[in-house]
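Student: Could you work out the structure for the sequence below:
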Amino acid sequence: DMRVGRITEVADFPEARKPAWKLTIDFGDEIGVKRCSAQVTNYAADALLGRRVVGVINLGTRRIAGFRSEFLVLGAVEADGSVLLLAPDGESAVGRPIA
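Tutor: Residues are numbered from 1 along each chain as shown. Predicted coordinates for the structure are as follows:
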């Protein structure tokens, strides 16, 4: 189940083995707010706030360095290992399904 979400909070994650952010994402009224760990440190925290992303919300939760990651944020992995986040074009509302 892939949905559009909006990043509402970005926090440091120094406990992670690989550099990562703790992201809080709003998926709208039906799904609510979920948190995840994301290795997208090629983005500054302020550049992530308010950004729309695509997340897979039905994979279950995982514990990452003691943090409960509730979904997978999607991105394209570049040759240098950095991740470019996927986002819908236009102004699709949070919570909308991805077809």
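Student: Only C-alpha atoms from now on, for both contacts and neighbour counts.
Tutor: OK.
Student: how far away is the nearest residue to Thr24 once chain neighbours are set aside from Ile7?
Tutor: Nearest residue to Thr24, sequence neighbours excluded (Cα to Cα, 6 or more residues apart in numbering): Arg35, at 4.4 Å. Arg35 sits 10 Å away from Ile7, taking Cα to Cα, to the nearest Å as the criterion.
Student: Give me the more crowded residue out of these two.
Tutor: Neighbours were counted for Arg35 and for Ile7 using other Cα atoms under 10 Å; Arg35 has more, 22 against 19.
Student: Not counting its neighbours along the chain, what's nearest the residue nearest in space to the middle of the chain?
Tutor: Nearest to the mean C-alpha position of the chain, counting by Cα atoms, centre = their mean, stands Val73 at 3.8 Å. Leaving out its chain neighbours, the residue that sits closest to Val73 by Cα to Cα, 6+ apart is Gly55, at 4.3 Å.
Student: separation between that neighbour and Cys36?
Tutor: Distance from Gly55 to Cys36, by Cα to Cα: 10 Å.
Student: quick one, which of these two is more surrounded?
Tutor: Legend: neighbour count by other Cα under 10 Å for Gly55 and Cys36, higher for Gly55 (27 against 22).
Student: any chance you could map the helices in this protein?
Tutor: For the chain, the helices defined by DSSP state H occupy 28-31, 45-48.
Student: contact partners of the last one?
Tutor: What that stands for is helix 45-48. Residues from elsewhere that reach helix 45-48 (Cα atoms under 8 Å, 6 or more residues apart in numbering): Ile7, Val10, Ala11.
Student: Report the buried residues of it.
Tutor: The neighbour-count check on helix 45-48 (16 or more other Cα atoms under 10 Å) flags Leu48 as buried.
Student: Report the distance from that helix to the chain centre.
Tutor: 12 Å (Cα atoms, centre = their mean, to the nearest Å).
Student: Find residues that contact each of Gly55 and Cys36.
Tutor: By Cα under 8 Å, 6+ apart, the residues touching both Gly55 and Cys36 are Phe71, Leu72, Val73.
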